[in-house]
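Student: Predicted model and sequence below, questions to follow.
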Amino acid sequence: MAWLQTDPSGNYHISFRFAGRKYKRTLKTKNGRQAESRLHRLEENIQLVESGRLELPEGADLPVFLLSDGKLSTTRSPAMRVRLAELFEKYFDGIPSGSLEATTVRGMKLHQRHLEKHIGKNFQIDLLTRETLQGYVQARSKASGIRGRRLQPATIKKELVTLRSVWNWALAEGVVAKPYPMKGVRFPKADEKPHFQTWSEIVAQIDRGNLSDADVLDLWDCLFLSRMQVEELLNHVQKTAKHPFIYPMFVAAAHTGARRSELMRSQLVDVSDSHLVLREKKRVRGQRSTRRVPMSKRLSEALSDWRACHPGGTQTFCVPSIARSKKNRSLTLPMTPDEAHHHFQQTLDGSQWSVLRGWHCLRHSFCSCCAAEGLDQRTIDAWVGHTTEAMRRRYRHLFPNEERKAIQKVFA
């Protein structure tokens, strides 16, 4: 089965199916008669191959072979016979050590497993087409995501972007010969993340009912604490924390908007009398950057008390010993993400604050409190390292003075 199509410029393309796979090639002509002639020749050659009268050479480029009446048995170079699994292996072996963060590599390898599952480990990469990628999107969009929902389109897009990064590297290395065929791939529509909400707003929605457990968790993900609630939370942590590093770590998150990973990377040399330097990894492409956040009086006092009993080492926040049955150690090593999450939940467990989903809530709260106080957007961006408009929109409704002045101006 073969058919003709035209692109917006008027050039003809020929598409056909062979052995269960779809192929598409440009004919590089706008002449309808020439296109029809080549279509008929292609169909005849397909019949000859299927009947055995025309033998397809091993490794031949099928569309070129059929369109040339079998005269051009152009073979793919050994590099072009690379399988999908081999492509990823070459990529991870070929990139310089330290060029990607460990978390980035873990994410890419997770995406690799999904790609190999649906496209195939042994899929020849030179056969990858837009239709292949579109089929992957359709298959993954039916998969289960978190909280009993379908997989989010953003996750599927990240997986294909991972493949694009590997592909572009392979293109520069000569492993592939054509651009990544992602243009025109369509994704399911995604919902914009809701703006940050206060405790009372979330409780009011939950009390109205008709929400699933997943909906309730989504709401608490959007929680931001008022300045007074932040101080109440820190008072609770100060009284109940089981380890001396926990309280200053909570204060640092709440009073600087630092991410969990930034708190884990923080070193004692980053703490001065007036500022805390936060080590970033992804804001500036290809470079480890930093930003400086002024310290509040409470944070300065908390860090000063912690340094007085610090167990040693370079890390600002470290765990000298872990009171958990599954893991024990005597060295003061950097904290792992699982340990940071464990101590967060353990500290708030059984209290009214147990609804907080993680360290990110304190970052939300810092941004929102700064906005509610009318701080300039550029100042907030500098303190928290925001670079996307999507994140700014989630708390922009909390700029009371700007919004009030604007509406008064409209309806003066």
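Tutor: Happy to help now that I have it.
Student: all contacts plus neighbour counts: C-alpha atoms, from now on.
Tutor: OK.
Student: Run through the neighbouring helices and strands of the helix or strand where residue 3 lies.
Tutor: Assigned by DSSP states H and E, residue 3 belongs to strand 2-6. Strand 2-6 sits against strand 12-18, helix 32-51, with contacts defined as 3 or more CA pairs under 8 Å, 6 or more residues apart in numbering; DSSP states H and E.
Student: between it and helix 32-51, how big is the angle?
Tutor: Inter-element angle recorded for strand 2-6 and helix 32-51: 150 degrees (by axes from the mean of the first three to the mean of the last three CA atoms, to 10 degrees).
Student: quick one: strand 2-6 to chain centroid distance?
Tutor: Centroid separation between strand 2-6 and its chain, computed with CA atoms, centre = their mean, to the nearest Å, is 38 Å.
Student: ok so, going back, now the helices and strands packed on strand 2-6 as CSV including mean neighbour count, mean pLDDT and distance to residue 180?
Tutor: Shown next, in CSV, are the helices and strands packed on strand 2-6 (neighbours: other CA atoms under 10 Å; pLDDT from 0 to 100; distance: least, CA to CA, whole Å):
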stretch, mean neighbour count, mean pLDDT, distance to residue 180
strand 12-18, 18, 89, 19
helix 32-51, 16, 87, 26
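Student: Kindly state which of those is positioned closest to residue 276.
Tutor: strand 12-18 (59.7 Å; CA to CA).
Student: Show me what that closest one is packed up against.
Tutor: Using 3+ CA pairs under 8 Å, 6+ apart, strand 12-18 sits against strand 2-6, strand 21-26, helix 32-51.
Student: which one of those lies closest to residue 84?
Tutor: Closest of the helices and strands packed on strand 12-18 to residue 84 is strand 21-26, at 16.9 Å (criterion: CA to CA).
Student: ok, back up a step: go through the helices and strands packed on strand 2-6 and name the closest to residue 246.
Tutor: Residue 246 sits nearest to strand 12-18 of all the helices and strands packed on strand 2-6, at 62.2 Å, using CA to CA.
Student: quick one: strands adjacent to the closest one?
Tutor: Strand 12-18 has the following strand partners under DSSP bridges: strand 2-6 (antiparallel), strand 21-26 (antiparallel).
Student: What are the contacting residues of it?
Tutor: The list of residues contacting strand 12-18 from outside it, by CA atoms under 8 Å, 6 or more residues apart in numbering, reads 1-7, 22-32, 35, 39, 46.
Student: what about burial for those residues, which qualify?
Tutor: In those, burial by neighbour count holds for 2, 4, 23-24, 27, 35, 39, 46, counting by 16 or more other CA atoms under 10 Å.
Student: Grab the most central residue of this structure for me.
Tutor: residue 158 (5.7 Å; CA atoms, centre = their mean).
Student: sec struct for that residue, please.
Tutor: Classification of residue 158 by DSSP: H, G, I helix; E, B strand; the rest coil places it in helix.
Student: and the residue nearest to residue 13 when sequence neighbours are not counted, what does it touch?
Tutor: Of all residues not flanking residue 13 in the chain, residue 26 sits nearest, at 4.2 Å (CA to CA, 6 or more residues apart in numbering). Neighbour list for residue 26: 11-14 [criterion: CA under 8 Å, 6+ apart].
Student: And those, which two are furthest apart?
Tutor: Among the contacts of residue 26, 11 and 14 lie farthest apart (CA to CA), at 10.2 Å.
Student: Common neighbours of these two, please.
Tutor: Residues touching both residue 11 and residue 14 (CA under 8 Å, 6+ apart) are 26-27.
Student: which stretches of this structure form strands?
Tutor: Applying DSSP state E to the chain gives strands spanning 2-6, 12-18, 21-26, 275-279, 290-294, 318-319, 333-334.
Student: From the chain's centroid, how far away is the third one?
Tutor: Strand 21-26 has its average C-alpha position 32 Å from the chain's average C-alpha position, going by CA atoms, centre = their mean.
Student: related to what we said a few turns ago, relative to residue 369, which of the helices and strands packed on strand 2-6 is closest?
Tutor: strand 12-18 (57.2 Å).
Student: so how many other residues sit close to residue 249?
Tutor: The number of residues packed near residue 249 is 24, by other CA atoms under 10 Å.
Student: Read off the pLDDT value for it.
Tutor: Residue 249 carries a pLDDT value of 96.
Student: repeat for the one 10 residues further on
Tutor: At residue 259 the predicted local confidence, pLDDT, stands at 92.
Student: Could you do residue 150 as well?
Tutor: The model reports residue 150 with a pLDDT of 86.
Student: And it, how far from residue 269?
Tutor: According to CA to CA, to the nearest Å, residue 150 and residue 269 sit 45 Å apart.
Student: Residue 48 now?
Tutor: Distance from residue 48 to residue 269, by CA to CA: 75 Å.
Student: Tell me which of the strands of the chain sits nearest to residue 368.
Tutor: Minimum separation from residue 368 across the strands of the chain (CA to CA) falls at strand 290-294, 16.0 Å.
Student: For that closest one, list every residue counted as buried.
Tutor: Across strand 290-294, burial judged by 16+ other CA under 10 Å covers 290, 292-294.
Student: Dump these into JSON lines; add pLDDT and distance to residue 389 as well.
Tutor: Below are these laid out as JSON lines (pLDDT from 0 to 100; distance: CA to CA, whole Å):
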{"residue": "290", "pLDDT": "90", "distance to residue 389": "21"}
{"residue": "292", "pLDDT": "92", "distance to residue 389": "21"}
{"residue": "293", "pLDDT": "94", "distance to residue 389": "21"}
{"residue": "294", "pLDDT": "94", "distance to residue 389": "24"}
